[in-house]
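>>> Here is my input; please provide its structure:
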Amino acid sequence: MDARTDGPGTATPVAGSGAGARVGKSGAVTFVGGSRRGRPFRGVPLPLLLPALVGLAFLLVPLVALVVRAPWSSLPEQLTSPEVWQALQLSLVCATAATAVSLVVGVPLAWLLARAEFPGRGFVRALVTLPLVLPPVVGGVALLLALGRNGLVGKWLDSWFGITLPFTTAGVVVAEAFVAMPFLVISVEGTLRAADPRYEEAAATLGASRFTAFRRVTLPLIAPGIAAGAVLAWARALGEFGATITFAGNFPGRTQTMPLAVYLALQNDPEAAISLSLVLLAVSIAVLAGLRDRWMTTSS
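This is a model prediction of the structure:
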């Protein structure tokens, strides 16, 4: 035992042991502290370790299978085909546009939820996060009922301005922004709550208006949170399927994004579906790598 007993109920760690031990009156020894480096999984209960390893395998094996079964020899040809390039280009453009829309309206919404006091703020926050748990197809149906030609708002857009959103490229952007913006709002609101509001108060005492304080003081403070939220929103928009196919359809060159192209190719050309899936997987890994520093900073 790496401990020297000084008396009943006490113990002194021996140099180099890195741990102390407490000896009870009954003689039972309880170790306190100590480093576990270099001893992976030591002390982990077997009933917890086995399900954890099964869960890890459950998440990783499908991704490994995607990489192993990929048609690497024909991958360049698959990715340079006109259909795949059209879907890739449309996905990148629409995801970027949806992220821009989310930034324009999502950052002020996050500020409102974090800084302003108004009745029903908790309920509004719940509504903002609802698209996170709402099935995407249901979101697409809701968009049709709201922005379709006979929708609550869509009929006025059509009659007054001649704007029709469903089954258009703009409809893809709207559908992607609907499901992606909550990621941005949550990230920015959390950053705003962590930021010290006294900087804004100090700017106000120096004569700055509320908007000037937001623009000159708050925005630089929360820029990392905005960047992280924008990356998450962009990745979510890039992978959106259900709301897009319901609200915008699946028309090649106009509304067929990469997830829709994967679904269509899986029925006719499985190798093309795997190639497109690899591109989406690579984008997801890049997003995780880009956000790693922020997560590590937050966790530490």
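>>> Show me where the stretch 101-250 of the chain has its helices.
121-133, 136-147, 154-156, 169-194, 198-205, 210-213, 219-238, 242-247 (DSSP state H, counting those that start in this stretch).
>>> Select, out of those helices, the one closest to residue 104.
Residue 104 lies closest to helix 169-194 among the helices of the stretch 101-250 of the chain, at 9.8 Å (C-beta to C-beta). Quick note: C-beta positions are derived from backbone N, CA and C, even for glycine.
>>> low-scoring stretches of this structure, by residue?
For the chain, applying pLDDT under 70 flags the ranges 1-40, 291-300.
>>> For the spatially most central residue of it, give me its contacts.
Most central in the chain under C-alpha atoms, centre = their mean is residue 232, positioned 4.2 Å from the mean C-alpha point. Contacts for residue 232 (C-beta atoms under 8 Å, 6 or more residues apart in numbering) come out as 180, 183-184, 187, 287, 291.
>>> tally of neighbours for the nearest residue to residue 246 once chain neighbours are set aside?
Nearest residue to residue 246, sequence neighbours excluded (C-beta to C-beta, 6 or more residues apart in numbering): residue 140, at 2.6 Å. When counting by other C-beta atoms under 10 Å, one arrives at 24 neighbours for residue 140.
>>> What residues does residue 140 make contact with?
With contact taken as C-beta under 8 Å, 6+ apart, residue 140 is in contact with 175, 242-247.
>>> now what about stretch 81-97, what contacts it?
Contacts for stretch 81-97 (C-beta under 8 Å, 6+ apart): 78-79, 169, 172-173, 176, 234, 237-238, 252-261, 272, 275-276, 279.
>>> Are any of these buried, and if so which?
78, 169, 172-173, 176, 234, 237-238, 255-261, 272, 275-276, 279 (16 or more other C-beta atoms under 10 Å).
>>> neighbours around the closest residue in space to residue 181 that isn't next to it in sequence, how many?
With sequence-adjacent residues excluded and distances taken as C-beta to C-beta, 6+ apart, residue 181 is closest to residue 102, at 4.0 Å. Here the number of neighbours of residue 102 (other C-beta under 10 Å) works out to 28.
>>> From residue 171, how far out is residue 102?
16 Å (C-beta to C-beta, to the nearest Å).
>>> What of residue 61?
Residue 61 is 36 Å from residue 171, by C-beta to C-beta.
>>> Comparing these two, which residue is more hemmed in?
Higher neighbour count among residue 61 and residue 171: residue 171, with 25 against 10, using other C-beta under 10 Å.
>>> thought the more buried one was touching residue 247?
Yes. Look at residue 171 against residue 247 with C-beta atoms under 8 Å: they come within range, at 5.5 Å.
>>> Please identify every residue contacting each of those two.
With C-beta under 8 Å, 6+ apart, residue 171 and residue 247 have common neighbours 143, 147, 165.
>>> In TSV: those, plus distance to residue 55.
Listed next are the shared contacts of residue 171 and residue 247 as TSV, based on distance: C-beta to C-beta, whole Å:
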residue	distance to residue 55
143	35
147	40
165	41
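>>> Pull out the buried residues from those residues.
Among the shared contacts of residue 171 and residue 247, those buried by neighbour count (16+ other C-beta under 10 Å) are 143, 147, 165.
>>> Kindly tell me how buried residue 54 is, as a neighbour count.
There are 10 residues near residue 54, going by other C-beta under 10 Å.
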